[in-house]
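Engineer: fold the following and give me the result.
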Amino acid sequence: MITQFRTYPTDPTTLLPQRFCRHGAAVVSRNERQVLSAVWQDPEQTRASLTARMELAQQSVHRLLSTLHDDGMILFGPLIPPKHKGKPSPRLLLNPRFGCALGVSIDTDRVGVACMDFSGGHVTRQFPISGDSVEAVLDRLEEAFDALLEQTRFRREDVLGVGFAIAGYLMKNGRYNPPDPLRHWSEVHLARRVSERFALPCWTDNSANTAALCEAMFGLGRQHRDLVYLSFNYGFGAGIISEGDLLRGAFGNAGEIGMIFTPEEAGIRPALGLLLAHLRHAGRGELRSIEELDRAVSPMLPEVTDWVGQVAPQLNRVLNAVTAVADPACIVFGGQIPRALAQAFIDRAEFFARPRHGHINPLPELAISTLGGETPAVGAACLPLRALLF
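Structural biologist: Okay, here's the model as predicted:
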């Protein structure tokens, strides 16, 4: 049911150009998907090393690679000498020109847009919004898509689909419930509206999830296959990566950590929208948007230090909760949080684990994301590629 709400149309291949529909209702076969995923995960892969990892006969792997090469999905690179005895084997590369996907992330004051090629290369841009109507934003997205496709030299018929992320949780009717500045978006069935507007299949998700997915594929996820991504934006959410894949839960809302707080605590949770309100109440009315918070933390204003002290206990509860439930190797501080503010939270972090028989359970590393930019939009662009190919 959740997948039905998140994807439109139900069979995305009905909107794909014929060249992508290699297996009727699937772009790739199950075995081809395994091969492509292995090549994505290890860019230094050779045909020999891939064959050793796959649970398929050597002839089957070579046949799959030959077909994927002939269809323009895999490139054979230079021959690599083996570490031990044997013949040199060609390096395997994903062909960036096979196709691309578009990604969008809607936040309270801005829209991020990305175009990702088949090998993961991507370009991005963004534009500000302030209560703009849904139709006005879609019109500007049309312009942004055209600009990105021109920049990357792709055509509309090269696009496999659109990934669309928004702040907020998924409701039972398939719509998202975003923060107040985006309330009018809650009236929209996102996947259908975007798909019909751009005549492309669309996949939707929470922006904390797509940011976590981007971190898993291009950031700290390269070192840790189990992580929790804390998304500090106007609101405060999280995405959970387990064994390299996104955990969504039964209703699509795994990581909706705002539910941890009582109604009385909701106003003192570590959401950047609340920090802005705190600063305005303290007379800092010149700080009008989240993007301007850098000026409040470099150097750190005393009002910010005061707010950090107020919300740190709630954040520490979150750190302990996700550690107990998800057991991540790393908790990543990301979203729009300024680096200095993230570091202030990390400096105040406290784990409640107690030694037992002289030992304490392993605790996650706390790290600040270095990806920056349009992380949720880049993660959103991954959605069509992962759904159809990887």
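Engineer: use CA for all of it now, contacts and neighbours both
Structural biologist: OK.
Engineer: I'd like the average pLDDT over stretch 273-290.
Structural biologist: When pLDDT is averaged over stretch 273-290, the result is 89.
Engineer: same question for stretch 24-37.
Structural biologist: pLDDT averaged over stretch 24-37 gives 90.
Engineer: export it to CSV, keeping only CA atoms.
Structural biologist: Below are the C-alpha coordinates for stretch 24-37, written out as CSV (Å, rounded to 0.1, in the frame of the first residue of the first chain):
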residue,chain,number,x,y,z
GLY,A,24,8.5,-5.9,-20.8
ALA,A,25,7.5,-4.5,-17.4
ALA,A,26,11.1,-4.4,-16.1
VAL,A,27,14.2,-2.5,-17.3
VAL,A,28,16.5,-5.2,-16.0
SER,A,29,16.2,-8.8,-15.0
ARG,A,30,16.9,-9.9,-11.4
ASN,A,31,20.4,-11.2,-12.2
GLU,A,32,21.2,-8.1,-14.2
ARG,A,33,20.1,-5.9,-11.2
GLN,A,34,22.5,-7.9,-9.0
VAL,A,35,25.4,-7.3,-11.4
LEU,A,36,24.6,-3.6,-11.8
SER,A,37,24.3,-3.1,-8.0
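Engineer: that stretch: which residues count as buried?
Structural biologist: Under the neighbour-count criterion of 16 or more other C-alpha atoms under 10 Å, stretch 24-37 has Val27, Val28, Glu32, Arg33, Gln34, Val35, Leu36 buried.
Engineer: and it, how far out from the chain's middle?
Structural biologist: 22 Å (C-alpha atoms, centre = their mean, to the nearest Å).
Engineer: give me the number of residues near Ile331?
Structural biologist: Counted by other C-alpha atoms under 10 Å, the residues lying close to Ile331 total 26.
Engineer: wait, is it part of a helix?
Structural biologist: No - using DSSP: H, G, I helix; E, B strand; the rest coil, the assignment for Ile331 is strand, not a helix.
Engineer: dig out what it forms beta bridges with.
Structural biologist: Taking DSSP bridges as the rule, Ile331 bridges to Val228, Leu366.
Engineer: so it is in contact with Val228, correct?
Structural biologist: Yes - between Ile331 and Val228 a contact is recorded at 4.8 Å, counting by C-alpha atoms under 8 Å.
Engineer: not counting its neighbours along the chain, what's nearest Val194?
Structural biologist: Cys202 (6.6 Å; C-alpha to C-alpha, 6 or more residues apart in numbering).
Engineer: got the domain ranges for this structure?
Structural biologist: 2-11+98-212+376-388, 18-95, 220-370 (automatic domain parsing).
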